[in-house]
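> Got a predicted structure here, sequence first:
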Amino acid sequence: MKQHIFWPVLSILLLAGSGKAQDFWESTNGPLDGQVLSIAVAANGALLVGTYGGGVFRSTDNGNTWVFSGIGGKRVVSFLVDANGNILAGTQYYGVYRSTDHGETWTYIDGSGFGLTDVQCMAVDSSGHIFVGVNLIAFFHFNYGIYRSTDNGTNWQQVFDPNTSVGALVINPENHFVAGTRYGVYRSTNNGANWQHIGLWNTPVKAIALRGQMPIPESIFAGTAAGIHRSIDHGNSWAQINTGLTNLDVRILGINSNGLIFAGTAGGIFRSFDNGENWEAANSGLTNTVIRYLCIAPDDHLFAVTEGGAFRSSDHGNSWTPMVIILPNILADFVATKINDDLPRELPASFVLEQNYPNPFNPSTNIGFRTADFGFVELSIYDLAGRQIETLLQRELPAGAYQVQWNAAGLPSGVYLYRLKAGDFIETRKMLLLR
């Protein structure tokens with residue numbers, strides 16, 4: 001069965017289908033305010049978008065209407081659709097979620113303990129084993145490298161630790177792996193058991209693409225902040241191939257079934273018809289050219305997410321149209337109640353995280369806080385081991401006094417931590433759940 005794999009901004013995208021064309025791009029119903037971070041197409045044709053703090057939204061009518069499907073309060077930065085139609089969603093800081101019903105519902109599947117990390121890239125081998133690249137340190141957890149699950153995400157094992165973040169991961173049909181890290185490119189030829197550094201030492205690699213069906217690909221492409229590097233001898237030597245690239249900050253690479261190569265950069269989309277020797281811009285119709293994400297649908301439609309919104313191409317990248325993705329306001333479930341909004345009062349002069357009340361509590365308690373100016377606010381719950389339990393709030397708020405209620409139903413008695421982060425302000429307090 002054909003696999004459709006979707007990659008985030010810092011990884012690669014395998015594009016299927018192609019066609020030579022003119023330089024024009026078009027747009028559909030999607031937020032043009034930069035809220036969308038990632039996009040995917042389910043095996044049944046449903047569209048999915050991952051958002052900045054709002055979770056996943058789903059459309060079954062070609063993007064005309066959208067409904068919230070889950071992972072609320074999380075930044076969803078990557079998707080993967082496997083050969084069986086299961087969908088994985090990688091989040092920033094909160095691990096991996098899985099859907100077995102084309103994105104209608106989601107289950108948290110991180111049994112490895114790497115949940116407080118940034119899952120930027122994912123891949124599946126021919127046996128259905130899942131591999132994820134972990135991108136950073138979060139809170140006080142230090143988890144780098146590549147993790148593998150052989151039981152559909154229930155349990156995970158680290159198979160590679162380069163002592164740095166992994167932003168790109170590709171597996172070819174013969175189960176040969178190529179990974180892009182902050183220290184260059186690594187390769188494994190034995191299902192991830194052992195890894196060898198094959199080039200671009202100390203060069204942060206944001207994207208990887210493979211061209212060719214040999215056990216070791218005939219061409220390996222690496223996207224960096226200095227353009228694109230290519231190896232045609234299995235990684236033994238590398239050459240820069242930037243002819244025609246007017247922006248060298250390469251964030252995404254993809255190769256379609258006819259060998260047309262796409263490069264998403266901080267300055268637009270470029271393509272090459274000659275294995276990367278020459279590049280030409282393909283940006284007509286893009287109102288914003290800072291590319292975040294690309295994906296390919298089973299019908300060969302292409303989708304691009306930029307900092308100014310989402311775009312769709314129905315002719316293999318020859319033309320693009322803006323997507324007007326109007327999302328329902330489900331964020332109300334995660335937004336604090338503003339206190340005394342109808343009464344005149346002075347704005348807070350500083351950021352304050354108040355003690356919860358009641359305390360001790362069972363099972364609900366109220367958490368109050370004040371913000372001194374407009375900005376992004378995050379309020380989260382942790383246990384004493386530092387494991388994140390829940391994100392209560394993750395969005396921009398104006399200055400004011402707020403209150404959030406937390407319901408700890410289903411959790412055991414004990415001490416829990418709640419943490420407020422607003423700009424440079426970070427404060428953590430304790431609270432006691434008594435059954």
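That came through, no problem.

> What average pLDDT does the host helix or strand of K206 get?
Applying DSSP states H and E as the criterion places K206 in strand 205-211. Averaging pLDDT along strand 205-211 gives 91.

> Residues touching it, excluding its own?
Strand 205-211 has contacts (Cβ atoms under 8 Å, 6 or more residues apart in numbering) with 9-12, 14, 167-170, 172, 178-182, 184-185, 217-225, 250-255, 259, 261, 263-264, 275. C-beta here means a position set from N, CA and C on the backbone, and glycine is covered the same way.

> Enumerate every residue touching N288.
L32, T306, E307, G308, G309.

> which among those residues gets closest to Q92?
The shortest separation between Q92 and any of those is 16.1 Å, and it belongs to E307 (by Cβ to Cβ).

> how far away is T164 from N202?
Using Cβ to Cβ, to the nearest Å, one obtains 10 Å as the distance from T164 to N202.

> Pull up the pairing partners for the helix or strand following the strand holding K206, direction included.
Sequence-wise, the next helix or strand downstream of strand 205-211 (DSSP H and E) is strand 219-224. Sheet pairing for strand 219-224, assigned by DSSP bridges, gives strand 205-211 (antiparallel), strand 227-231 (antiparallel).

> Could you point out the helix or strand that follows the last one?
Toward the C-terminus, strand 227-231 is succeeded by strand 239-240 as the next helix or strand (DSSP H and E).

> next SSE after that following strand?
Scanning forward in sequence from strand 239-240 by DSSP H and E, the next helix or strand is strand 250-255.

> And that next one, what does it pack against?
Helices and strands touching strand 250-255, by 3 or more Cβ pairs under 8 Å, 6 or more residues apart in numbering; DSSP states H and E, are strand 13-14, strand 205-211, strand 219-224, strand 227-231, strand 261-265, strand 291-296.

> at 7 Å what do you get?
Counting by 3 or more Cβ pairs under 7 Å, 6 or more residues apart in numbering; DSSP states H and E, the packing neighbours recorded for strand 250-255 are strand 13-14, strand 205-211, strand 219-224, strand 261-265, strand 291-296.

> now that strand and strand 219-224, what's the angle there?
What separates the directions of strand 250-255 and strand 219-224 is an angle of 160 degrees, with axes from the mean of the first three to the mean of the last three Cα atoms, to 10 degrees.

> Distance from strand 250-255 to the middle of the chain?
For strand 250-255, the gap between its own C-alpha mean and the chain's C-alpha mean amounts to 15 Å (Cα atoms, centre = their mean, to the nearest Å).

> Now that strand: average pLDDT?
The average of the pLDDT scores along strand 250-255 is 88.

> Paired strands for that strand, with orientation please.
Strands adjacent to strand 250-255 in the sheet, as given by DSSP bridges, are strand 13-14 (parallel), strand 261-265 (antiparallel).

> what residues does the helix or strand hosting I426 touch?
Following DSSP H and E, one finds I426 within strand 425-433. Contacts of strand 425-433 from elsewhere in the structure, counted by Cβ atoms under 7 Å, 6 or more residues apart in numbering, are 351, 353, 355-356, 359-362, 365, 408, 411, 413-420.

> Out of those, which sit inside helices?
Applying DSSP state H to the contacts of strand 425-433, no entry is found in helices.

> Mind giving me the PyMOL command for buried ones among those?
Here is the PyMOL selection string for the buried members of the contacts of strand 425-433, based on 16 or more other Cβ atoms under 10 Å:
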select buried, resi 351+353+356+361+365+408+416+417+418+419+420
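
> Look up how far G267 lies from the closest residue to S313 other than its chain neighbours.
With sequence-adjacent residues excluded and distances taken as Cβ to Cβ, 6 or more residues apart in numbering, S313 is closest to L302, at 4.2 Å. Using Cβ to Cβ, one gets 18 Å for the distance from L302 to G267.

> Least confident secondary structure element in the chain?
strand 13-14 (a mean of 32; mean pLDDT, DSSP states H and E).

> Number of residues surrounding I255?
The number of residues packed near I255 is 26, by other Cβ atoms under 10 Å.

> you'd agree it is up against R271?
No: I255 lies out of contact with R271 (Cβ atoms under 7 Å); the separation is 10.3 Å.

> Report the set of residues contacting both of those two.
The contact lists of I255 and R271 share I261, where a contact means Cβ under 7 Å, 6+ apart.

> that older thread, how about the strand holding I426: buried residues?
Applying a neighbour-count criterion of 16+ other Cβ under 10 Å, one finds F425, M431, L433 buried in strand 425-433.

> ok, now stretch 42-54?
Within stretch 42-54, the residues that qualify as buried are A42, A43, A46, L47, L48, V49, G50, T51, Y52, G53, G54, counting by 16+ other Cβ under 10 Å.

> picking that back up, just name the most buried of the strands paired with strand 219-224.
Neighbour counts (mean count of other Cβ atoms under 10 Å) averaged over each of those peak at strand 205-211, with a mean of 25.
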